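Novice: Just a sequence and a predicted model for now, questions to come.
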Amino acid sequence: MKYASAGFGQTNYSLWDEQETTASDDENKEPEQLDSPTEQLGNHMEEIPRAPNPAGLKHLVRIGSCDHCLGRLGGKKRFNQSIEESGREIRETVVSGNKQLADIRQELPLCPLCENLFEESDLLADIIYDAIQPYQIKRLQLGTRFPKDQVEEEDNMRKRFGAGGSDGLKTGLVAEIARNLTARLKGVKLVNEKPHILALIDVLTLTVDLDVRSHYIYGRYRKLERGIPQTRWPCRACKGRGCERCNNTGLQYLRSVQDLIGNPLIEVFDAPEHSFHGMGREDIDVRCMGRGRPFVIEMKEPKVRDFDYQYAMQLINQKAGGSIEVTDLRASNRSEVVRIKDTPAEKSYTIRFRVEQMKESEYAVLTAPLDLTKDSNKKSKKKRHRRGDKRKDNTKPLPTEIVTEQQGPSEEELSKMKKDELAAICAENNLKKTGKKSELIERILAMPAPGSTLFELPSDETIISTILSLHGVKLYQRTPDRVAHRRADLIRKRDVINVNKPVVEVMADGTREVEFTLRCESGTYVKETVHGDSGRTQPSVASLLKAKCQVLWLDVGDIHAD
């Protein structure tokens, strides 16, 4: 009611009078001239269609587009015609009907779409051509690195004014450089995947970075000498940096299978570095015989890719001096590295060990039950797949302490006991319980410690039959102590495929040595299969024989793959 009585409903203002006044003023005023394209666009005086509409092409010329961008966005490009030639034709057509646009490139020298990058395409092609000259390649890929804001701005303008399906700035620039290179490079194919070299263009600095892809070589090696690791072993003291202990080499061992194969190939392929990928590995003190172990060696940034592999094999074997022998060299690829790593190939081994007497306490350790309980503290149920292991085998054992030997009371503790207590101890151990206190103490100290009784050595027939009984047995192997620092603490299940009849030899000092060959599943710890590894592998030859089995040497007989 207050607003109703405030006078807002009454007015002497006439809308018609104001309209008449405005109209009369406009009649006396001269019409405003909107000659410039900017003013027309700002006042929405002109509707701009997309190219290849003539009005759209006219607008692309008006805003100062270069010939390359006119041809790229104009939608008028004919077969076997470059975008520059197409853009030149479009400009001539537009200028013929609009003479005022003839000098628009002088007035607006910077192309709003590419910022005159296409004018540098010949320079970038020259840079790429000179950069790849030292390399022997057959497949080349081009790439660009653009600022994000420039790509977004050009993309918006292209979608607003360019013809439908026209190439983007990146695609157009790469295509123009590729057209220049194709005419100059002989025997080199421009590809979009799996190149030998990726040339990456930085449009801000007008520089080119080369990503030279590795060259892969497949083969098999036989390690004929012990004491050679498969891959480079950094010095334990300096971690590969170089010190007095390693004579500033950074290596724990001067020779390795990787270097014996890779170093001669570095000279052949003119590469700065190499990397080794093997189908498994053997210990440093293990030979690899038979057909050899499959491998792929990666030559990084090589300048040579085509070479006589027969000559390369002769060169490697000659420089190795009988330590290793390489066969079946051929060109490979990155996919074969994955295949080599993931192939669970069965392997044959020949092992020799010495048989010695075992204490009861040592036998108790070898036969102590493994705890296969899963770790309940694990938060995620998802388990990571490890190469060489089955998912169902990823069970983590709980730590168990096994008492190896129980120590009896000391002489000082016995002397503090009463005679009745000493007599009771003698009675428990079937000893004479009469006599002086000193005599009782002497008898107790002289009795053997618990678990120190030695088992008798098995006969030759028992050894042979026991080893043959491993045929088809499933082994439960907890990660050995010797590799626990670099392997997950798991219990792995491995199958013994076949066992050949062992040979038992009596040596000059009276000890017996046994040698046999077995074939087992990939990832089997063979040494631990023999000596038991303090009960971490069950069953083992040592636990079945009730005798200590000291491994003398181990050879890889063959790898049943490829």
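Specialist: Structure received.

Novice: pLDDT averaged over the helix or strand residue 529 falls within, what's the number?
Specialist: Assignment of secondary structure by DSSP states H and E places residue 529 within helix 526-531. Averaged over helix 526-531, pLDDT sits at 94.

Novice: any idea of the mean pLDDT in stretch 257-276?
Specialist: 93.

Novice: buried residues in it?
Specialist: By 16 or more other CB atoms under 10 Å, the buried positions in stretch 257-276 come out as 257-262, 264-266, 268-269, 271, 274-276. From N, CA and C alone the C-beta is placed, and that goes for glycine too.

Novice: Same check on stretch 442-449?
Specialist: For stretch 442-449, by 16+ other CB under 10 Å, it's 443, 444.

Novice: What does the pLDDT read for the spatially most central residue of the chain?
Specialist: When CA atoms, centre = their mean is applied to the chain, the residue found nearest the centroid is residue 338 (9.3 Å). Note for residue 338: predicted pLDDT of 93.

Novice: Distance check, it against residue 332.
Specialist: As for residue 338, its distance to residue 332 is 11 Å (criterion: CB to CB, to the nearest Å).

Novice: mind listing what residue 123 touches?
Specialist: residue 206 (CB atoms under 8 Å, 6 or more residues apart in numbering).

Novice: Show me what secondary structure element comes after the helix or strand containing it.
Specialist: Residue 123 belongs to helix 121-131 when assigned by DSSP H and E. Downstream of helix 121-131, the next assigned helix or strand under DSSP H and E is strand 139-145.

Novice: Would you mark the buried spots in that following strand?
Specialist: 139, 140, 141, 142, 144.

Novice: Tell me the secondary structure at residue 268.
Specialist: Recorded secondary structure, residue 268: helix (DSSP: H, G, I helix; E, B strand; the rest coil).

Novice: Hmm, it is touching residue 315, no?
Specialist: Yes - counting by CB atoms under 8 Å, residue 315 is a contact partner of residue 268 at 7.0 Å.

Novice: quick one: the nearest residue to residue 354 once chain neighbours are set aside and residue 455, what's the gap?
Specialist: Among residues not flanking residue 354 along the chain, residue 550 sits closest, at 4.5 Å (CB to CB, 6 or more residues apart in numbering). According to CB to CB, residue 550 and residue 455 sit 15 Å apart.

Novice: Residue 242 now?
Specialist: 51 Å.

Novice: got it, and residue 104?
Specialist: Taken as CB to CB, the span from residue 104 to residue 455 is 103 Å.

Novice: can you name the two of the buried residues of strand 139-145 that are farthest apart?
Specialist: In these, two members sit farther apart than any others by CB to CB. They are 139 and 144, at 18.2 Å.

Novice: Residue 233 against residue 254, yeah?
Specialist: No - proximity of residue 233 to residue 254 does not meet the contact threshold set by CB under 8 Å, at 9.7 Å.

Novice: More neighbours: which of those two?
Specialist: More neighbours surround residue 233 than the other of residue 233 and residue 254, with 18 against 11 (other CB atoms under 10 Å).
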